[in-house]
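*Asks:* coordinates only, no sequence provided:
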Ligand code: PGA
């Protein structure tokens, strides 16, 4: 693969004598979409579109489990990492429908999404379980992408910051902040086409950074990220990447997001 150009903000920080450690992480969450054949077609179209991307941009996709090995067969030839959509805290056992870290490592998976609002809503995932999953990822050498976010009712009642603070404190307890991604995903913005105002999202991402107390933790925004709003979202000071659902299923849309300006 061709060497990619170094991003301008990296050069500026270098000349200002500032260490640049925060990575940009653009992640796609395919949810319960994409067969193996569709995955192959997607990758054939997508890979050439991200070849010249900046060096500090990390592109990640979480395919369904059945497509992980198809995905992994391409991963040697590109700078595209695989995430799992969940992870259990045990290596094996009687846990029907769960996936173990050992199984994921076998397929070169590098990240694990935990605490997404869908399992929180449909399967009553608790902050305690999410915390166990995040710690399991870290102790097995995978980086957890821990999702937090408030509902519309909570936001309208003025409770967003309190809810996010609780999810961060309980979900991240005992985790290593230097090997962590937190995705702020307001639930009312997921799959609805309603994006959180970039300034509002940035405020919450800053709050999360302050709560964690580690300046270089990677914080993403998620919720109706599209080619037409990515540039504004990524211009925010405390947003280091995005977690994308619907728009990550189309190679052209997701490549435009990955190549944000
Ligand atoms: P969306 O999903 O981009 O389709 O809103 C985001 C997510 O669920 O992570």
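*Replies:* Okay, I see it. Keep in mind the model is a prediction, meaning the values are calculated, not measured. Numbering: from 1, shown residues only.

*Asks:* which element follows the helix or strand bottoming out on mean pLDDT in the chain toward the C-terminus?
*Replies:* One helix or strand of the chain scores below all others by mean pLDDT, DSSP states H and E: helix 8-15, with a mean of 54. Downstream of helix 8-15, the next assigned helix or strand under DSSP states H and E is strand 24-29.

*Asks:* contacts for the next helix or strand after that next one?
*Replies:* Going down the chain from strand 24-29, the next helix or strand is helix 36-49, by DSSP H and E. Applying Cβ atoms under 8 Å, 6 or more residues apart in numbering, the contact partners of helix 36-49 are 34, 63, 66-67, 70-71, 74, 77-78, 80, 249, 251-252, 254-255, 258-259. Bear in mind the C-beta positions are built from the backbone N, C-alpha and C, glycine included.

*Asks:* so which of these belong to helices?
*Replies:* Taking DSSP state H, the ones among the contacts of helix 36-49 that sit in helices are 70-71, 251-252, 254-255, 258.

*Asks:* and the pLDDT for the residue of the stretch 151-261 of the chain found nearest the ligand?
*Replies:* Nearest residue of the stretch 151-261 of the chain to the ligand: residue 245, at 2.3 Å (Cβ to the nearest ligand atom). What the model reports as pLDDT for residue 245 is 97.

*Asks:* ok, residue 226 next?
*Replies:* We have a pLDDT of 96 for residue 226.

*Asks:* now do the contacts for the closest residue to it other than its chain neighbours.
*Replies:* The spatial neighbour of residue 226 that comes closest, neighbours along the chain excluded (Cβ to Cβ, 6 or more residues apart in numbering), is residue 247 at 5.1 Å. Counting by Cβ under 8 Å, 6+ apart, residue 247 makes contact with 225-227, 253-254, 257.

*Asks:* which of these are buried?
*Replies:* 225, 227, 253-254, 257 (16 or more other Cβ atoms under 10 Å).

*Asks:* isn't residue 148 right up against residue 208?
*Replies:* Yes: counting by Cβ atoms under 8 Å, residue 208 is a contact partner of residue 148 at 7.1 Å.

*Asks:* higher neighbour count, those two?
*Replies:* Higher neighbour count among residue 148 and residue 208: residue 148, with 26 against 21, using other Cβ atoms under 10 Å.

*Asks:* what separation is there between that one and residue 41?
*Replies:* From residue 148 over to residue 41 the distance is 33 Å, taken as Cβ to Cβ, to the nearest Å.

*Asks:* isn't the residue of the stretch 151-261 of the chain closest to the ligand right next to residue 31, touching?
*Replies:* Yes: under the criterion of Cβ under 8 Å, residue 245 makes contact with residue 31 at 6.3 Å.

*Asks:* how about the backbone phi and psi for residue 197?
*Replies:* Per-residue torsions, residue 197: phi -50, psi 140 (degrees, to the nearest 10).

*Asks:* same question, the one 5 residues further on
*Replies:* Residue 202 has phi and psi values of phi -60, psi -40 when expressed as degrees, to the nearest 10.

*Asks:* what's the neighbour count on it?
*Replies:* Neighbours of residue 202 under the rule other Cβ under 10 Å: 20.

*Asks:* hmm, residue 88 and residue 100 touching each other?
*Replies:* Yes: under the criterion of Cβ under 8 Å, residue 100 makes contact with residue 88 at 5.4 Å.
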